[in-house]
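Q: This is a predicted model, with the sequence first.
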Amino acid sequence: MAYSKSEINEALKNIPATKGGTNLVDAGHVKNLQIFGDEVIVDVISESPALHVKKKLEVDILKVIHEQVDKKLKITVNIEVPKAAEERAQLIRGEALPGVKNIIAVASGKGGVGKSTVASNLAISLKQMGFSVGLVDADIYGPSVPTMFDITNARPGTINVNGQSKMDPVEAYGIKILSIGFFAKPDQAVVWRGPMASKALNQLLRDAHWGELDFMILDLPPGTGDIHLSTVQAVPITGAVIVSTPQNVALADARKGVAMFRVENINVPVLGLIENMAYFTPPELPENKYYIFGQDGVKNLSNQLQVPFLGELPIVQSIREAGDVGRPAAMQEGSEVQKAFENIARRTVEELLRRNEELPPTEVTRITTMAGCSAV
Ligand SMILES: Nc1ncnc2c1ncn2[C@@H]1O[C@H](COP(=O)(O)OP(=O)(O)OP(=O)(O)O)[C@@H](O)[C@H]1O
């Protein structure tokens with residue numbers, strides 16, 4: 001069957017333009033429309049660079065063409081953002097996040113040491129202490145927060161704030177959450193080039209309606225890469241906590257993590273180190289401790305680097321299980337695990353309050369050269 005451009009244009013007229021109060025076609029936002037048999041290619045403009053606006057535009061286009069023309073059509077949507085709109089978006093980078101009092105970045109040098117587990121449970125413990133908490137999963141290499149909060153199928157909504165369309169974070173267990181995993185398929189984000197990942201992160205932070213938060217917890221990817229630099233450029237991080245196991249290979253990377261935040265141009269206060277998987281106690285031998293990854297490695301590193309030690313977490317099967325079923329272990333009322341996470345949250349808040357008393361607010365990093373980055 002042959003399809004005509006006018007048929008498709010008529011369908012597209014049902015979609016509002018991203019700016020100007022008219023529809024896509026009348027706003028001149030459909031730049032090109034090509035039809036090859038049952039394939040349709042739509043080149044369209046989005047006046048907003050925001051990820052959720054672009055995603056909605058794509059979904060709307062697929063929907064109206066499938067519904068109003070033919071559901072068998074194969075549709076490709078290419079979205080272009082005019083340069084001026086990009087630049088407007090860049091201008092707002094770097095200011096404080098309105099309504100967000102403290103931003104804590106959770107980082108690790110090495111992957112798999114339990115950074116997301118700590119970030120998720122820290123968020124829960126802070127919430128249990130009565131604070132309002134947001135959690136941003138910026139781990140492009142393996143966004144695990146949606147799994148840990150059982151929201152893999154959730155998607156943020158859209159909310160109108162003072163005439164501007166903003167992302168409405170997903171809420172789970174009283175915590176407002178946005179994850180890079182909501183916007184990229186599991187194997188997609190890993191191959192994003194630095195600028196793409198940075199842009200996506202910037203949007204999670206800035207194009208969302210976070211409301212009033214005492215704490216925003218940022219789950220960073222492991223390592224010391226592009227996304228870390230983008231984060232410190234995007235928002236003023238109040239302080240960073242670094243998670244490591246006591247194993248030498250992890251400690252070497254944790255040291256690099258501390259060094260990164262301490263680089264002159266970055267200058268984010270390190271609130272402290274957390275030792276995860278510190279030991280294992282079999283339930284049938286409660287007096288025994290087995291130091292599977294070595295003993296006190298993180299404690300010793302804290303002393304060496306003169307960074308506060310925020311506490312330790314043993315290896316506990318229920319921590320892993322709780323993460324997998326999407327109900328963080330800190331929610332296990334009255335358990336040892338809940339107490340361990342609560343102690344860490346308390347120590348973190350103590351160090352944060354001390355930091356807020358002793359140091360001026362963090363300024364966003366304005367990196368113009370690579371000078372000073374050799375330590376990373
Ligand atoms: N203390 C612990 N006891 C038992 N299991 C744990 C503990 N900490 C983390 N785990 C488990 O280890 C695995 C890795 O943890 P997690 O995903 O938090 O690490 P990560 O450092 O965020 O990894 P990456 O950033 O590389 O994806 C998960 O299955 C998690 O449930």
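A: Now that the structure is in, tell me what you want to look at.
Q: residues in the stretch 151-300 of the chain within reach of the ligand, list them.
A: Contact residues, the stretch 151-300 of the chain versus the ligand (CB under 6 Å from any ligand atom): Pro222, Asn276, Met277. Placement of C-beta: from N, CA and C, glycine included.
Q: residues in contact with the second one?
A: For Asn276, the contacting residues are Val113, Gly114, Thr117, Val118, Val243, Ser244, Thr245, Glu312, Leu313, by CB atoms under 8 Å, 6 or more residues apart in numbering.
Q: Quick one: list the elements packing against the strand or helix carrying Ile41.
A: Taking DSSP states H and E as the criterion, Ile41 maps to strand 39-45. Packing partners of strand 39-45 (3 or more CB pairs under 8 Å, 6 or more residues apart in numbering; DSSP states H and E): helix 5-12, strand 30-36, helix 51-68, strand 74-80.
Q: Which of these has the highest mean neighbour count?
A: Mean neighbours per residue, mean count of other CB atoms under 10 Å, is largest over the helices and strands packed on strand 39-45 for helix 51-68, with a mean of 18.
Q: now it and strand 39-45, what's the angle there?
A: For helix 51-68 against strand 39-45, the angle by axes from the mean of the first three to the mean of the last three CA atoms, to 10 degrees is 140 degrees.
Q: Residues touching helix 51-68, excluding its own?
A: Against helix 51-68 from outside (CB under 8 Å, 6+ apart): 8, 10-12, 14-15, 18, 40, 42, 44, 46, 48, 73, 75, 77, 79, 81, 156, 158, 165, 167, 183, 199-200, 203-204, 207.
Q: just the buried members of those residues?
A: 8, 11-12, 15, 18, 40, 42, 44, 46, 48, 73, 75, 77, 79, 81, 156, 165, 167, 183, 199-200, 203-204, 207 (16 or more other CB atoms under 10 Å).
Q: mind putting the helices and strands packed on strand 39-45 in JSON lines, distance to the ligand included?
A: Output for the helices and strands packed on strand 39-45, formatted as JSON lines (distance: least, CB to the nearest ligand atom, whole Å):
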{"stretch": "helix 5-12", "distance to the ligand": "40"}
{"stretch": "strand 30-36", "distance to the ligand": "39"}
{"stretch": "helix 51-68", "distance to the ligand": "21"}
{"stretch": "strand 74-80", "distance to the ligand": "30"}
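Q: Asn267 is nearest to which of the ones you listed?
A: Proximity to Asn267 (CB to CB) singles out helix 51-68 among these, at 28.7 Å.
Q: what angle sits between that closest one and strand 30-36?
A: Between helix 51-68 and strand 30-36, the angle comes out at 40 degrees (the same axes, to 10 degrees).
Q: Asp324: neighbour count?
A: Neighbour count for Asp324, taken as other CB atoms under 10 Å: 12.
Q: just checking, it touches Thr147?
A: Yes. Between Asp324 and Thr147 there is a contact under CB atoms under 8 Å: 7.0 Å.
Q: shared neighbours, those two?
A: By CB under 8 Å, 6+ apart, Asp324 and Thr147 have no common neighbours.
Q: need the contact list for Val118.
A: Here Val118 is in contact with Val106, Val241, Val243, Ile274, Asn276, Leu313, Ile344 (CB under 8 Å, 6+ apart).
Q: cool, Lys74 as well?
A: Lys74 touches Asp38, Glu39, Val40, counting by CB under 8 Å, 6+ apart.
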